[in-house]
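Chemist: return atomic coordinates for the entry below.
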Amino acid sequence: METYGGRRSQAERDAITVEIGYALCSALFAAAVLFGAVAGPALLFELPGTVEKLLLRVGLTLAPLLFVARVVSVLVRFRQDGAQPSQPGRTNPDS
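Modeler: Numbering: from 1, shown residues only. Model (predicted):
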């Protein structure tokens, strides 16, 4: 992804922008699904007060953690996939 001593090309900048957008959108979706699965019953049904509070707090704790973990994992994977080959000019690392 990086050019040594130079600037990134427009295609590289576009790829980074798309990957960041994908990471944020997929993380938001995953966090919303997790929150809905954990806290949803507390919002939909009449549950005892302590159970409602517990489910809401667990959902509000786990959803942001999942969001951050998803964003980091997508961006780290993107960075590793774009790494320069160890032997420039060769297409197969075993050659």
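Chemist: would you mark the buried spots in stretch 68-82?
Modeler: R70, V71, V74, L75, F78 (16 or more other C-beta atoms under 10 Å). To be clear about C-beta, it is placed using only N, CA and C from the backbone, and glycine gets the same treatment.
Chemist: now the helix or strand containing the second one: how far from the chain's centre is it?
Modeler: Going back to what we said before, that points to V71. Here V71 sits within helix 49-81, counting by DSSP states H and E. Centre-to-centre, helix 49-81 and its host chain are 10 Å apart (C-alpha atoms, centre = their mean, to the nearest Å).
Chemist: against which helices or strands is that helix packed?
Modeler: helix 10-44 (3 or more C-beta pairs under 8 Å, 6 or more residues apart in numbering; DSSP states H and E).
Chemist: what's the helix it packs on packed up against?
Modeler: With 3+ C-beta pairs under 8 Å, 6+ apart as the test, helix 10-44 has helix 49-81 packed against it.
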